[in-house]
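Trainee: what shape does this take:
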Amino acid sequence: MQETFGRAIQRYIQKPDKKQLLLCLLDWMTGQGYSVDSSSRNLLLKNAQLFGQKQLIAEILSKQQAASRITNKLID
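Mentor: Below you'll find the model as predicted:
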């Protein structure tokens, strides 16, 4: 999943007209318990201004990271 998502991010960064699809994918991932890997996260944050949604992307990624921490603690 992570590898596929990383490729999607790279593709959508080149096509900012796909920003809504990317935001939907990020929301879906959060709801399903998935989170982006650190390299994808950094790429998204670095290029978030291209989508005009920097704050929204940062908030979604923050929710993913918090959910991931909780899941990891429950597993340990």
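Trainee: what's the weakest-modelled helix or strand in the protein?
Mentor: In the chain, no helix or strand scores lower on mean pLDDT, DSSP states H and E than helix 2-14, which sits at a mean of 76.
Trainee: so what does it touch, helix or strand wise?
Mentor: Applying 3 or more Cβ pairs under 8 Å, 6 or more residues apart in numbering; DSSP states H and E, one finds that helix 2-14 contacts helix 19-32, helix 38-47. (C-beta placed from N, C-alpha, C; glycine too.)
Trainee: using PDB, list the CA coordinates for the longest helix anywhere in the chain.
Mentor: Determined from DSSP state H, the single longest helix within the chain is helix 54-75. Extracted in PDB, the C-alpha atoms of helix 54-75 (Å, rounded to 0.1, in the frame of the first residue of the first chain):
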ATOM      1  CA  LYS A  54      -1.200  23.000   3.000                       C
ATOM      2  CA  GLN A  55      -3.100  23.400   6.300                       C
ATOM      3  CA  LEU A  56      -5.600  20.700   5.400                       C
ATOM      4  CA  ILE A  57      -3.000  18.200   4.300                       C
ATOM      5  CA  ALA A  58      -0.900  18.900   7.500                       C
ATOM      6  CA  GLU A  59      -4.000  18.200   9.600                       C
ATOM      7  CA  ILE A  60      -4.800  15.000   7.800                       C
ATOM      8  CA  LEU A  61      -1.300  13.700   8.100                       C
ATOM      9  CA  SER A  62      -1.300  14.700  11.800                       C
ATOM     10  CA  LYS A  63      -4.400  12.600  12.400                       C
ATOM     11  CA  GLN A  64      -2.800   9.700  10.600                       C
ATOM     12  CA  GLN A  65       0.300   9.900  12.700                       C
ATOM     13  CA  ALA A  66      -1.700  10.100  16.000                       C
ATOM     14  CA  ALA A  67      -3.800   7.100  15.000                       C
ATOM     15  CA  SER A  68      -0.700   5.200  14.000                       C
ATOM     16  CA  ARG A  69       0.900   5.900  17.400                       C
ATOM     17  CA  ILE A  70      -2.200   4.600  19.200                       C
ATOM     18  CA  THR A  71      -2.300   1.500  17.100                       C
ATOM     19  CA  ASN A  72       1.400   0.800  17.700                       C
ATOM     20  CA  LYS A  73       0.900   1.200  21.500                       C
ATOM     21  CA  LEU A  74      -2.000  -1.200  21.400                       C
ATOM     22  CA  ILE A  75       0.000  -3.800  19.500                       C
END
